[in-house]
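>>> Provided below are the primary sequence and the corresponding predicted coordinates.
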Amino acid sequence: MNLPKRLALAAACAALCCSLLAPAAAQRRRGRAERVDLLVSGGTVVTMDAARRVIEDGAVAVRGGRVVAVGRRAELARRYAAAEVVDAAGRAVIPGLINGHTHIPMVLFRGLADDLDLNEWLTKYIFPAEAKNVTEEFVRVGTRLGLAEMIRGGTTTYCDMYYFEDAVAEETARAGVRGLLGETVIDFPVADNKTWAEAMRYTEGYLRKWRGHPLVTPAVAPHAPYTVSEEHLREVRKLSDSLNAAVVIHLSETRKEVEDISKQKGARPVEYLARIGFLGPRTVAAHTVHIDEGEIGLLKQHGVGSVHNPESNMKLASGVAPVPAMLRAGVALGLGTDGAASNNDLSMWEAMDAAAKLHKLSSNDPRVVPAEDALAMATIGGARALHMERDIGSLEPGKRADLVVVDLDELHQTPRYNIYSHLVYATKAGDVRTVVIEGRVVMRDRRLLTLDEALVKRQARDFRDRIARSLKQ
């Protein structure tokens, strides 16, 4: 055989050997890759970390319910081998949204009474409807409906105040959603407990039962300074201190509340709660609409988290919270929907859009609450307000793997220039594609995986008929 033929044969043999060995080499490379449970791959990763990194063609690796790595897709594909992959190409990957204040079972009262002020809405419609209808079954059906709506809208954590909160917790854990869930205590008989002593016994048992759960953080929720006496507020704080439990309360929601508390206690509501030692770094205050500069300072001083509810405050004409001033002061400020009975939805996308626009109008300054700040209030700011920022609110290694994949190419989102503007001003709940909570996919491609949507709707409609009949009696 002449030299050229021998060289050609050698080259062919070498090529054959390479082709046979290539799969083995690839397998060895995969063997060196670190195993993870989930890889969300591709898309624009909006981390909401301290540097506000936005990673084009990025990825998030998840193991054991926590984020392992965030970076470029190509880099993470080399480093990690995943048991499950979510393709996010052409979409946004954001931290799960945090609804900082709601009353989830009240979704069954959606549209029951509208276009009223808070006092009339509560005393003439909501309190009577609750007295006739709220049972543990009501709470479970309403919670499932609210959870389904929130998952579909990309909410992965919510803060609740209602009755039969143990049932709320059970349904929340079953659906795979994260919640800071407060059992409401109040100075008059309600659905689950008829006396203050019963309510506190129930609440202590509830706090002990759920302490340390990976998804449910139990809390005690005195309704408001005008419905809970000073003695009982002090008792709540004592229970909170003994069990290291969070406290959730409505605070300074209306002018009437401020006027009444000022007359009765000789101090504005925030000042009054500070004076009796109620405020602290485990306190979450919903609304804080009518607060002055001194009260803003007290919230900051005591480490209180505040939750702004722009749509509910507008709808009930409760007022406009001093959000720009609170942000400047460094108050831990989140965003909420309030209950669907006073909103009338649980969409954090609508809440972000409303918050950004409301404060531009009320301040006559289009530069306040820019889109990035609005998204922060619904993510990392919300986590701080709930005192949970070590675990949630941003996409960073070590944090809980709560994330959302969002479409970016619908007609109402085209074209795109700035990702924050795009998410806050153009995106809707229906653009959410996939939701991951604690590393578990709970919705994939718009299909709920932990709740039966048809059953949820059917049970809610059945309750609507019961409620309508009760109001005629």
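That came through, no problem.
>>> Which residue is the nearest non-sequential neighbour of Val85?
The shortest distance from Val85 to any residue that is not its chain neighbour, by CB to CB, 6 or more residues apart in numbering, is 5.0 Å, and that residue is Leu39. Every C-beta, even on glycine, is put in place using the N, C-alpha and C of the backbone.
>>> shaky segments in the stretch 301-450 of the chain?
Residues of the stretch 301-450 of the chain meeting the criterion pLDDT under 70: none.
>>> Skipping adjacent residues, who's closest to the residue most central in space within the chain in space?
When CA atoms, centre = their mean is applied to the chain, the residue found nearest the centroid is Ile98 (2.0 Å). Of all residues not flanking Ile98 in the chain, Gly382 sits nearest, at 3.3 Å (CB to CB, 6+ apart).
>>> Extract the CA atoms of the helix or strand where the one you found lies and return them as PDB.
Gly382 is part of helix 380-385, with elements assigned from DSSP states H and E. Extracted in PDB, the C-alpha atoms of helix 380-385 (Å, rounded to 0.1, in the frame of the first residue of the first chain):
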ATOM      1  CA  ILE A 380     -37.400  41.900  47.600                       C
ATOM      2  CA  GLY A 381     -39.200  44.900  49.300                       C
ATOM      3  CA  GLY A 382     -42.100  42.600  50.100                       C
ATOM      4  CA  ALA A 383     -39.800  40.000  51.600                       C
ATOM      5  CA  ARG A 384     -38.300  42.700  53.800                       C
ATOM      6  CA  ALA A 385     -41.800  43.900  54.900                       C
END
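>>> Remind me what the helix or strand following that helix packs against, helices and strands.
Next along the chain after helix 380-385, taking DSSP H and E as the criterion, comes strand 403-406. Using 3 or more CB pairs under 8 Å, 6 or more residues apart in numbering; DSSP states H and E as the contact test, the elements touching strand 403-406 are strand 92-95, strand 432-437.
>>> The residue nearest to Val85: how many residues sit nearby?
The burial count assigned to Leu39 is 26, neighbours taken as other CB atoms under 10 Å.
>>> That one - that's part of a helix, no?
No: with DSSP: H, G, I helix; E, B strand; the rest coil as the criterion, Leu39 is strand rather than part of a helix.
>>> Going along the chain, name the strands of the stretch 251-400 of the chain.
Counting by DSSP state E, counting those that start in this stretch, residue ranges of the strands within the stretch 251-400 of the chain are 283-287, 305-308, 332-335.
>>> I'd like these written out as JSON lines, with mean neighbour count and distance to Ala219 added.
Conversion of the strands of the stretch 251-400 of the chain to JSON lines gives the following (neighbours: other CB atoms under 10 Å; distance: least, CB to CB, whole Å):
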{"stretch": "strand 283-287", "mean neighbour count": "26", "distance to Ala219": "8"}
{"stretch": "strand 305-308", "mean neighbour count": "30", "distance to Ala219": "12"}
{"stretch": "strand 332-335", "mean neighbour count": "26", "distance to Ala219": "14"}
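>>> what's the closest of those strands to Thr143?
Closest to Thr143 of the strands of the stretch 251-400 of the chain, according to CB to CB: strand 283-287, at 18.5 Å.
>>> what distance separates the closest one from the middle of the whole chain?
For strand 283-287, the distance between its averaged C-alpha position and the chain's averaged C-alpha position is 14 Å (CA atoms, centre = their mean, to the nearest Å).
>>> List the strands paired with it, with their directions.
Based on DSSP bridges, the strands next to strand 283-287 in the sheet, each with its direction, are strand 246-251 (parallel), strand 305-308 (parallel).
>>> what about the residue nearest to the centre of the chain, which helix or strand?
Here Ile98 sits within strand 97-102, counting by DSSP H and E.
>>> what helices or strands is that strand leaning on?
The elements that strand 97-102 packs onto, with contact taken as 3+ CB pairs under 8 Å, 6+ apart, are strand 155-162, strand 283-287, strand 305-308, strand 332-335, helix 348-363, helix 380-385.
>>> Can I get these in a markdown table including distance to Arg458?
Conversion of the helices and strands packed on strand 97-102 to a markdown table gives the following (distance: least, CB to CB, whole Å):
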| stretch | distance to Arg458 |
| --- | --- |
| strand 155-162 | 22 |
| strand 283-287 | 32 |
| strand 305-308 | 32 |
| strand 332-335 | 31 |
| helix 348-363 | 26 |
| helix 380-385 | 32 |
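>>> So which of the ones you listed is nearest Ile419?
Across the helices and strands packed on strand 97-102, the minimum distance to Ile419, taken as CB to CB, is reached by helix 348-363, at 13.5 Å.
>>> what about that closest one, distance to the chain center?
On the basis of CA atoms, centre = their mean, the separation between the geometric centre of helix 348-363 and that of its chain is 17 Å.
>>> Could you tell me which residues within that helix count as buried?
The neighbour-count check on helix 348-363 (16 or more other CB atoms under 10 Å) flags 348-360, 363 as buried.
>>> picking that back up, using a markdown table, lay out the strands paired with strand 283-287 together with distance to Gln473.
Compiled in a markdown table, the strands paired with strand 283-287 are given as follows (distance: least, CB to CB, whole Å):
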| stretch | distance to Gln473 |
| --- | --- |
| strand 246-251 | 29 |
| strand 305-308 | 36 |
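>>> Out of these, the one nearest Glu120 is which?
strand 246-251 (16.6 Å).
>>> what mean pLDDT would you report for that closest one?
Rounded to a whole number, the mean pLDDT of strand 246-251 is 98.
>>> can you check stretch 213-220 too?
Averaging pLDDT along stretch 213-220 yields 98.
>>> returning to that earlier point: save the strands of the stretch 251-400 of the chain as a markdown table, and put in distance to Thr157 too.
Listed next are those as a markdown table, based on distance: least, CB to CB, whole Å:
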| stretch | distance to Thr157 |
| --- | --- |
| strand 283-287 | 12 |
| strand 305-308 | 12 |
| strand 332-335 | 10 |
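>>> With His213 as the reference, name the closest of the ones you listed.
Across the strands of the stretch 251-400 of the chain, closest to His213 is strand 283-287 (CB to CB), at 18.0 Å.
>>> what angle do that closest one and strand 155-162 make?
Following axes from the mean of the first three to the mean of the last three CA atoms, to 10 degrees, one obtains 90 degrees for the angle between strand 283-287 and strand 155-162.
>>> now the helices and strands packed on strand 403-406 as JSON lines including distance to Ala378?
Converted to JSON lines, the helices and strands packed on strand 403-406 look like this (distance: least, CB to CB, whole Å):
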{"stretch": "strand 92-95", "distance to Ala378": "9"}
{"stretch": "strand 432-437", "distance to Ala378": "13"}
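>>> For the helix or strand containing Glu204, which outside residues touch it?
Counting by DSSP H and E, the secondary-structure element that holds Glu204 is helix 196-210. Counting by CB atoms under 8 Å, 6 or more residues apart in numbering, helix 196-210 makes contact with 165-166, 169, 181, 183, 185-187, 190, 192-193, 216-220, 232, 235, 239, 243, 245, all of which sit outside it.
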